[in-house]
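[1] coordinates only, no sequence provided:
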């Protein structure tokens, strides 16, 4: 069992930066791949990025590539999402999720979810 708690969301102007954190409970955190998803009002939850259990492999949605960076610290049971050059289109609730090794970019592949943190980017 893994419990996930996101933090770090807020209101930022376009072009600004935010760093989201996702703290995990449970001793098996390091065995899970981790992902970030987001959901804007009236839209489906969409994949943002994922990182392998070791941190050695990452994958990004085209919409955030070059602007967002995912990382993890297994000693701290935490995964991070550094978001730079934010745009109004990035406004959404951001969720972290944990899934088995080899998990991809679809919602149903992930087993555990956090409650989400709101990110609002003003123009």
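    Received, thanks. Only a predicted model underlies this, so the values are computations on that prediction, with no experimental measurement involved.

[2] so how far is residue 9 from the spatially most central residue of the chain?
    Residue closest to the average C-alpha location in the chain (C-alpha atoms, centre = their mean): residue 36, at 2.4 Å. Going from residue 36 to residue 9 by C-beta to C-beta, to the nearest Å gives 12 Å. No exception for glycine: its C-beta is placed from N, CA and C like everyone else's.

[3] mutual contacts of these two, please.
    20, 94 (C-beta atoms under 8 Å, 6 or more residues apart in numbering).

[4] residue 35 against residue 46, yeah?
    No: applying C-beta atoms under 8 Å as the test, residue 35 and residue 46 come out as separate, 11.0 Å apart.

[5] so where's this protein shaky on pLDDT?
    The chain contains no residues with pLDDT under 70.

[6] residue 11: neighbour count?
    12 (other C-beta atoms under 10 Å).

[7] if I read this right, residue 113 contacts residue 93, doesn't it?
    No: between residue 113 and residue 93 there is no contact under C-beta under 8 Å: 11.3 Å.

[8] residue 35 and residue 46: which is more packed in?
    Between residue 35 and residue 46, counted using other C-beta under 10 Å, residue 35 has the larger neighbour count: 28 against 14.

[9] what residues sit buried inside the host helix or strand of that one?
    Here residue 35 sits within strand 33-39, counting by DSSP states H and E. For strand 33-39, a neighbour-count test (16 or more other C-beta atoms under 10 Å) marks 33, 34, 35, 36, 37, 38 as buried.

[10] just stretch 106-120 next, same as before
    Per 16+ other C-beta under 10 Å, stretch 106-120 contains these buried residues: 107, 109, 110, 112, 113, 114, 116, 117, 119.

[11] reformat the residues you listed as CSV; add distance to residue 2 and secondary structure.
    Formatted as CSV, the buried residues of stretch 106-120 follow (distance: C-beta to C-beta, whole Å; DSSP: H, G, I helix; E, B strand; the rest coil):
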residue, distance to residue 2, secondary structure
107, 16, helix
109, 15, helix
110, 11, coil
112, 4, strand
113, 10, strand
114, 10, coil
116, 16, coil
117, 17, strand
119, 23, strand
